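In: Just a sequence and a predicted model for now, questions to come.
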Amino acid sequence: IVGKDVRLLRIKKEGSLDLAVEGGISTPLGKIVVSAIYDGGAADKHGGIVKGDQIMAVNGKILVDATLPEAQTTLAKSWNSGGDWIDLVIAVSPPKDYEDEVTFF
């Protein structure tokens, strides 16, 4: 995928994933993106996914053209199915350039 930093993340199923998503193919975002990662959840413990990252696939199911409900259902089913791991393919959110950076002296 041109211009995107795409990664495969293997997250151990311990407790809950504690990851929220927003967007979907039928929204202005046009893709499924991470809207929140909750402290102490499996996504937080893994550390490889951050708010703004695009979720492109879960356990081999492509989510590039998914609606939000489809993506949420796929994530829940994948998390609650057998196995010790969940595989996420993500496109890393590009770094933000902030004009108003805080400098500590």
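Out: Sure, I can see it.
In: Please make it C-alpha for all contacts and neighbour counts, starting now.
Out: Will do.
In: and the longest helix for the protein?
Out: helix 68-80 (DSSP state H).
In: mean confidence score for it?
Out: In this model, helix 68-80 carries a mean pLDDT of 96.
In: Run through the neighbouring helices and strands of that helix.
Out: Counting by 3 or more Cα pairs under 8 Å, 6 or more residues apart in numbering; DSSP states H and E, the packing neighbours recorded for helix 68-80 are strand 19-23, strand 54-58.
In: Make JSON lines out of the ones you listed and add mean pLDDT.
Out: Converted to JSON lines, those look like this (pLDDT from 0 to 100):
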{"stretch": "strand 19-23", "mean pLDDT": "96"}
{"stretch": "strand 54-58", "mean pLDDT": "97"}
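In: so which of these comes closest to Ile11?
Out: Closest approach to Ile11 among these (Cα to Cα): strand 54-58, 10.9 Å.
In: tell me the most buried of the helices and strands packed on helix 68-80?
Out: Comparing the helices and strands packed on helix 68-80 on average neighbours per residue, with mean count of other Cα atoms under 10 Å, the densest one is strand 54-58 at a mean of 22.
In: What is it packed up against?
Out: Identification of packing neighbours for strand 54-58 by 3+ Cα pairs under 8 Å, 6+ apart yields strand 32-37, helix 68-80, strand 85-91.
In: which residues are contacting whichever helix or strand comes after the first one?
Out: Same thing as strand 32-37. Sequence-wise, the next helix or strand downstream of strand 32-37 (DSSP states H and E) is helix 42-46. The contact list for helix 42-46 (Cα atoms under 8 Å, 6 or more residues apart in numbering) reads Ile11, Lys12, Lys13, Glu14, Gly15, Ser16, Leu17, Asp18, Leu19, Ile37, Tyr38, Ile49.
In: pLDDT weak spots in the protein?
Out: Counting by pLDDT under 70, the chain contains low-confidence ranges at 1-2, 95-105.
In: chain center to stretch 17-25: distance?
Out: 7 Å (Cα atoms, centre = their mean, to the nearest Å).
In: wait, doesn't Pro26 sit right on Val64?
Out: You called it Pro, but residue 26 is Ser. No - counting by Cα atoms under 8 Å, Ser26 stays clear of Val64, with 11.3 Å between them.
In: Neighbour count for these two, which is higher?
Out: Val64 (16 against 12; other Cα atoms under 10 Å).
In: Thanks a lot, see you next time.
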